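Student: coordinates for the following, if possible.
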Amino acid sequence: MISALEALDRLRAGNRRFVDGLAGRGQLTDKARRSALVSGQAPFAIIHGCSDSRVPAELVFDQGLGDLFVIRVAGNVVAPSQIGSIEFAAERFGTRLVVVLGHTQCGAVQATLEELERPSERRSPNLHSIVDRIEPAVATLFETDLRQDPTVLMRYAVRANIRASVSHLRHGSRLLEHLIRQEGLLVVGAEYSLETGEVDFFEGVPRSR
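Tutor: Below is the predicted model of the structure:
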């Protein structure tokens, strides 16, 4: 088991390779690697990310089979099943870093802003469940002057939603709270840029990092 900060450094290094076009995941997905993982896994980081097809965590961080425990859901929202999945990995495998990974131009966040602008009764109840989880994080922004600039509003809303998910994970599970206090678990928020490929770890990262 590696520490949360070591895991964070590994993710940053992998993202730099990805951005620079130096990614080398081949050796991490070959037959020998698959065979070695049959008996078990030891992921060094848990990624709670968005389902967007443009943000596959293993590619973004240049990692291979068995390296990351990934949970993906539209808008990187947090619900009991996601919390349970994170609890499972943190407790079972001793993984000490959780990253909530959002991204620029998030469609789920955009849908939530549109719902605030023009409420719709025709939206699927299941889609509404996602919007309803994002809305508390962005509603206050919608009531400010940011509403006059949709581009800026979207940028702030994406980060507000990431921060809300981070807070939910830190304070919505007794098990995770215990691991944070006693076992060195770190929950951070990050934003992937569709434009540059860079990941900015902006929430909850120790100042020295």
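Student: remind me which helix or strand residue 59 belongs to.
Tutor: helix 57-60 (DSSP states H and E).
Student: buried ones in that helix, by neighbour count?
Tutor: 57-58, 60 (16 or more other C-beta atoms under 10 Å). No exception for glycine: its C-beta is placed from N, CA and C like everyone else's.
Student: next: stretch 83-96.
Tutor: Buried-residue list, stretch 83-96, by 16+ other C-beta under 10 Å: 83, 85-87, 89-90, 93-96.
Student: if we can go back for a sec, what's the average pLDDT for the helix holding residue 59?
Tutor: When pLDDT is averaged along helix 57-60, the result is 96.
Student: ok, back up a step: redo the buried residues of helix 57-60 as CSV? Include distance to residue 31.
Tutor: Converted to CSV, the buried residues of helix 57-60 look like this (distance: C-beta to C-beta, whole Å):
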residue, distance to residue 31
57, 23
58, 18
60, 24
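Student: closest one to residue 39 out of those residues, please.
Tutor: Of all the buried residues of helix 57-60, residue 58 has the smallest distance to residue 39: 20.7 Å, by C-beta to C-beta.
Student: the residue lying closest to the closest one once chain neighbours are set aside: what's it in contact with?
Tutor: Spatial nearest neighbour of residue 58, excluding adjacent residues (C-beta to C-beta, 6 or more residues apart in numbering): residue 68 at 5.9 Å. The contact partners of residue 68, by C-beta atoms under 8 Å, 6 or more residues apart in numbering, come to 43-47, 57-58, 61.
Student: run the last query once more with 6 Å
Tutor: Shown in contact with residue 68 (C-beta atoms under 6 Å, 6 or more residues apart in numbering): 43, 45, 47, 57-58.
Student: tell me which helix or strand the residue nearest to residue 139 when sequence neighbours are not counted sits in.
Tutor: Of all residues not flanking residue 139 in the chain, residue 116 sits nearest, at 6.4 Å (C-beta to C-beta, 6+ apart). Element membership for residue 116 (DSSP H and E) is helix 107-117.
Student: go through that helix and flag the buried ones.
Tutor: 108-113, 115-116.
Student: starting at the chain centroid, how far to the host helix or strand of residue 159?
Tutor: In this structure, residue 159 is located in helix 150-171 according to DSSP H and E. Computed by C-alpha atoms, centre = their mean, to the nearest Å, the separation of helix 150-171 from the middle of its chain amounts to 11 Å.
Student: cool, stretch 195-209 as well?
Tutor: 12 Å.
Student: what's the answer for stretch 34-49, then?
Tutor: With C-alpha atoms, centre = their mean, you get 17 Å for stretch 34-49.
Student: now do the helices in the protein.
Tutor: Assignment of helices within the chain using DSSP state H yields the ranges 4-20, 31-36, 57-60, 80-92, 107-117, 125-142, 150-171, 174-182.
Student: distance to residue 73 added to those, as JSON lines?
Tutor: Below are the helices of the chain laid out as JSON lines (distance: least, C-beta to C-beta, whole Å):
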{"stretch": "helix 4-20", "distance to residue 73": "20"}
{"stretch": "helix 31-36", "distance to residue 73": "26"}
{"stretch": "helix 57-60", "distance to residue 73": "13"}
{"stretch": "helix 80-92", "distance to residue 73": "6"}
{"stretch": "helix 107-117", "distance to residue 73": "9"}
{"stretch": "helix 125-142", "distance to residue 73": "8"}
{"stretch": "helix 150-171", "distance to residue 73": "10"}
{"stretch": "helix 174-182", "distance to residue 73": "17"}
